[in-house]
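Novice: Below are the sequence and a predicted model; questions follow.
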Amino acid sequence: SLGQGVASSARDVSTSLAHDSDEEEYSDETMLEIASQACLEGDFDAATRGFEECLSADANDVDAMNNYATMLFEHKLDVDKAEVLLRRALEIAPNSTTIMGNLALLLLDHRRRQ
């Protein structure tokens, strides 16, 4: 579930994600938590910025890929990009049943819509 692993809530996610470069940088884990929390709160623009920032810092961050893809798929924001992210994550973590399951759900849903 997208909500799992979110240890802290972000009071003002937009401000957090728009911080100046002079301020303290967020760790990858903290940015993932902020992005995931933004998604849970329905702030998909802030969540997108956060997930993109995570992937800019670490292009192989499978947790960021999975959470980002889940948001894109569940909210029908960009199903094609979600599939690309999940396939890439599965290449990096081929034994991840979470990623396999999410990709399977996406593909089944896509197939039903054809």
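Specialist: That came through fine. Numbers count the residues shown, from 1 in each chain.
Novice: Spatially, and excluding backbone neighbours, which residue is closest to the residue nearest the centre of the chain.
Specialist: Nearest to the mean C-alpha position of the chain, counting by C-alpha atoms, centre = their mean, stands residue 68 at 2.1 Å. Among residues not flanking residue 68 along the chain, residue 51 sits closest, at 3.7 Å (C-beta to C-beta, 6 or more residues apart in numbering). In this view, the C-beta of every residue, glycine as well, is placed from N, C-alpha and C.
Novice: follow-up on the earlier one: residues in contact with the residue nearest to the centre of the chain?
Specialist: Applying C-beta atoms under 8 Å, 6 or more residues apart in numbering, we find residue 68 in contact with 35, 47, 48, 51, 52, 54, 55, 82, 85.
Novice: For the residues you listed, please prepare TSV with the additional fields distance to residue 73, secondary structure and neighbour count.
Specialist: Shown next, in TSV, are the contacts of residue 68 (distance: C-beta to C-beta, whole Å; DSSP: H, G, I helix; E, B strand; the rest coil; neighbours: other C-beta atoms under 10 Å):
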residue	distance to residue 73	secondary structure	neighbour count
35	16	helix	30
47	13	helix	27
48	13	helix	19
51	13	helix	28
52	16	helix	15
54	17	helix	25
55	16	helix	17
82	4	helix	25
85	9	helix	27
